[in-house]
Each structure stands twice: as structure tokens, then as C-alpha cells.
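1. turn this into a model:
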Amino acid sequence: MKKYAADRLMTVVLAPVVSEKSTFVADKNRQYVFRVADHATKPQIKAAVELMFKTKVDSVTVLNVRGKERRFGRTLGRRRNWKKAYVRLAAGQEINFAATE
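-> Residues are numbered from 1 along each chain as shown. Sure, this is the predicted structure:
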């Protein structure tokens, strides 16, 4: 595995995605959902989650979420696109968001 700078990895994972679907996936498949930087790759996301939460990551699945079209009066606008990562942890591992600083 390639070695990444720790300060660079801290900018890869932006926030956890908390939704009904992400909670269901976390319970069923040991997967956690994160909003990640647009430039992030799977190995970078894996290294960042292992560094930040001190867990062992099995796999990472990434998808690009298209921004929704929105109207502002007469003009059409669009929210920005963003990247989402499903991170599967190794057996016996878990992330407790309340305990992290």
C-alpha cells in the first residue's frame, strides 16, 4: 500500500452521511457512508479512514452523486456534484462517532 502524508489524508474524508439508508447499511453490512473530496481515490479514502478512526478497512466503494437542479425564481440553478464513499470495515471493527474528537 502506498504511503500518504497525514495532513493530506485529513482533507479526504469530509463528513459522515447520516440518513435512513446509511444507518441501515451500517447495521447490515458493517459499512459506513462518508462524503469525501472530489479528488479522493479508493486507496486514499481507505488510508484516511484507517488513520482517523484507527480501524481496519476491508473495502471501499465510491460513487459520484449528481447535484439536483433547483429553480431560483425564473432562473435554473444546480447544486454541486459530490462524491460518496461506502467503507466496509473488517469483522469486529466499528466506528463510534461520539467517541472521536
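2. contacting residues around stretch 40-51?
-> 1-2, 4, 6, 9-10, 12-13, 32, 34, 36, 55-57, 60, 62, 83, 85, 87 (C-beta atoms under 8 Å, 6 or more residues apart in numbering). Heads up, the C-betas are built off the backbone N, CA and C, glycines and all.
3. ok, now with 6 Å
-> Residues from elsewhere that reach stretch 40-51, judged by C-beta atoms under 6 Å, 6 or more residues apart in numbering: 4, 9, 12-13, 36, 57, 60, 62, 85, 87.
4. in terms of secondary structure, what does the worst-scoring helix or strand of the chain on mean pLDDT contact?
-> Least confident element among the helices and strands of the chain, by mean pLDDT, DSSP states H and E: helix 6-9 (a mean of 88). Other helices and strands packing on helix 6-9, by 3 or more C-beta pairs under 6 Å, 6 or more residues apart in numbering; DSSP states H and E, are helix 42-53.
5. in the chain, where is pLDDT below threshold?
-> Regions of the chain meeting the criterion pLDDT under 70 cover residues 1, 98-101.
6. mind listing the strands for it?
-> Assigned strands in the chain, in chain order: 13-16, 31-36, 57-65, 69-72, 75-78, 82-89 (criterion: DSSP state E).
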